[in-house]
Every structure is written in C-alpha cells, then in structure tokens.
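1. build the 3D model from these lines:
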Amino acid sequence: MGTGAWLSEVSSLRALRGAMARRFLLKLKRATHRAPVELIVPTARRMLVVAPHMDDEVIPCGGTLILLAEQGAEIHVTFATDSSAGLRSAEAAAQLIALRRSEAQQVSELIGYATNELGFPDGQLHRHEAMLTKRLTEQIARLEPEIIFCPFPADAHSDHMSCAAAVARAAIQAESGAAILAYEVWTPLRPRDRGPPFAIRLYRSQMEDRDHAAAALGLNRFRGLPHSVAFAEAFFRGSPKEFSRLTSLLDQL
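-> Numbers count the residues shown, from 1 in each chain. Next comes the predicted model:
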C-alpha cells in the first residue's frame, strides 16, 4: 500500500469515527434534553463515588460531598485507576502515584470519607472494563449505597467513559436500587439535577499546568444562575436501568 493510499484510509477512518461520535451525542441529547432540571440538595445515608482518577471525586461534585458529609452521610470513594498519568518511566509513575495518593488522603480527611483504590492502569480502563465491572459489582452489593456518583457517558476521556459503562453494568448486576448521579468533568452535560457546590486545590500536582479550581468554580457559578444560587454542581440522575440504556450507546461507537 502506498503512502497516499494509507493516508486516505486513515482519513476515512477518522471521518467515520467522527460521524459515529456525532450520532452518539445526538442520541444522548434526544434521550436527555426533555428531562426537567431541578435544584436539589441530595440526601442519603450511604453513597459511593466512582472516580476514574484521584481528583475526579472533587472537581465535579466536591461541594455536594461536603454537604452530604455535614449531614452525617457515610461516603465511600473508589478510585478506578492508579492515577499514574500513564507515564512510561516506572520510577516517575511510582512517584506520581505516591504524590497523588498523599493528596487524596488530605482531601478525604478534609471532607470525611473512606477511599479504596482498584489500581487499574491510568488511560487503559477500556482494556479492563470486565474486571472493573466485577469489582464494582462486589462493592455495590456489599455497601448497598443509596446514591452512586460516576462520570457521564459522554465525558470526553476514555477512562471516564469506561467508568460510566462499568458502573451501569455493575449496578444492574448487583440489583442496586441506588440513584445514579452522573457528573461532568471534561464535557458539560445537560443536567437533570443541580446540587450546591472545594478541595481541588489540595491536588497540587494537578494544578501545575491548568487551574481546575477556577474552571470548576466558573462552571458552578454558571450552573447556579438559572436557580438564583451562588454555585451549583450538575448531575444527570437516573435509575440503574435508565443509566444502562444511556451507556449502551457507547457500544455503538
């Protein structure tokens, strides 16, 4: 195959993937845009937060977790990956994992929640969805949370998409009656619920190249405008069956 033919094939594949992604987002919009938007303050005795990486628990829903902790809720946070940023150097990856683990411990002590690490390779969750689903199924069955927080299926990071898909399957397999609140990190979503809003600045290693705190705060301010509150965090709320229908669209990509 000549170079020109190879470039043409790559271009065609990219165009096809782009078309499929647009179709996926359109289906998600059709499935969610008619849902009424409510301002709520979630309440629960026990909840589970599934975060792809250490910091994904506070960027999208740190304020809500603080409010729930103040209510006396039992909060469990599970980090799906080792948060190594996929570094090729084993030594550098180990140093980063230790640093982020230390930062996560500071945040957990500040807000008041228990943490659990599954340790799958950062950036490679799509290769481990079956085992991730199994581990989450076991955890959901054991904890019986009333609320499960996880990424929205269309969040623009493959680890986040894999987390959403795994949570959907795990909640069904565990026969959970929890409400699933899907949060936004990299991609704003069409929310169903908005809860009041941070501890992201304690993740200093993640603040060096971009100001997550300022970005999240600006989005929280914007989310609060329609409801005349200073800050709000956005979630798509659904039952395990409803959330499973949404995440099933990922299999069409």
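2. CA atoms for contacts and neighbours, from now on please.
-> Noted.
3. tally of neighbours for the closest residue to residue 73 other than its chain neighbours?
-> Spatial nearest neighbour of residue 73, excluding adjacent residues (C-alpha to C-alpha, 6 or more residues apart in numbering): residue 45 at 4.7 Å. If you count neighbours by other C-alpha atoms under 10 Å, residue 45 ends up with 14.
4. distance of residue 45 from residue 76?
-> 11 Å (C-alpha to C-alpha, to the nearest Å).
5. and residue 99, by the same measure?
-> 21 Å.
6. out of these two, which sits in the more crowded spot?
-> More crowded of residue 99 and residue 76, by other C-alpha under 10 Å: residue 76, with 20 against 17.
7. may I have the secondary structure class of the more buried one?
-> Under DSSP: H, G, I helix; E, B strand; the rest coil, residue 76 falls in the strand class.
8. and residue 155, by the same measure?
-> coil.
9. and it, what does it touch?
-> By C-alpha atoms under 8 Å, 6 or more residues apart in numbering, the contact set of residue 155 is 161, 184-188.
10. ok, of the residues you listed, which one's closest to residue 137?
-> When the contacts of residue 155 are compared for distance to residue 137 (C-alpha to C-alpha), residue 161 wins out at 17.1 Å.
11. residues near the closest one, how many?
-> A total of 22 residues lie near residue 161 under the criterion other C-alpha under 10 Å.
12. in what helix or strand does it lie?
-> Using DSSP states H and E, residue 161 maps to helix 158-173.
13. by contact count, what packs against that helix?
-> Packing contacts for helix 158-173, counted by 3 or more C-alpha pairs under 8 Å, 6 or more residues apart in numbering; DSSP states H and E, involve strand 46-51, helix 129-143, strand 147-151, helix 240-247.
14. okay, the angle between it and strand 46-51?
-> For helix 158-173 against strand 46-51, the angle by axes from the mean of the first three to the mean of the last three C-alpha atoms, to 10 degrees is 150 degrees.
15. give me the mean pLDDT for the helix or strand following helix 158-173.
-> As assigned by DSSP H and E, the chain's next helix or strand after helix 158-173 is strand 179-183. Mean pLDDT, strand 179-183: 94.
16. show me what strand 179-183 is packed up against.
-> Looks like strand 179-183 contacts strand 147-151, strand 233-238, helix 240-247 (3+ C-alpha pairs under 8 Å, 6+ apart).
17. mind checking how far the second one is from the chain centre?
-> In terms of C-alpha atoms, centre = their mean, to the nearest Å, the gap separating the centre of strand 233-238 from the centre of its chain is 11 Å.
18. what about residue 55, neighbour count?
-> By other C-alpha under 10 Å, 23 other residues sit near residue 55.
19. likewise residue 50?
-> As a burial measure, residue 50 scores 25 neighbours (other C-alpha under 10 Å).
20. identify the residues contacting it.
-> 57, 77-80, 148-151, 163, 167.
21. what residue ranges in this structure score low on pLDDT?
-> Across the chain, the ranges flagged by pLDDT under 70 are 1-37, 189-210, 212, 224-226, 252-253.
22. residue closest to the middle of it?
-> Centroid-nearest residue in the chain: residue 151, 2.5 Å away (criterion: C-alpha atoms, centre = their mean).
23. what residues are up against that one?
-> 50-51, 160-161, 163-164, 182-185.
24. residue 57 too?
-> Here residue 57 is in contact with 49-51, 77 (C-alpha under 8 Å, 6+ apart).
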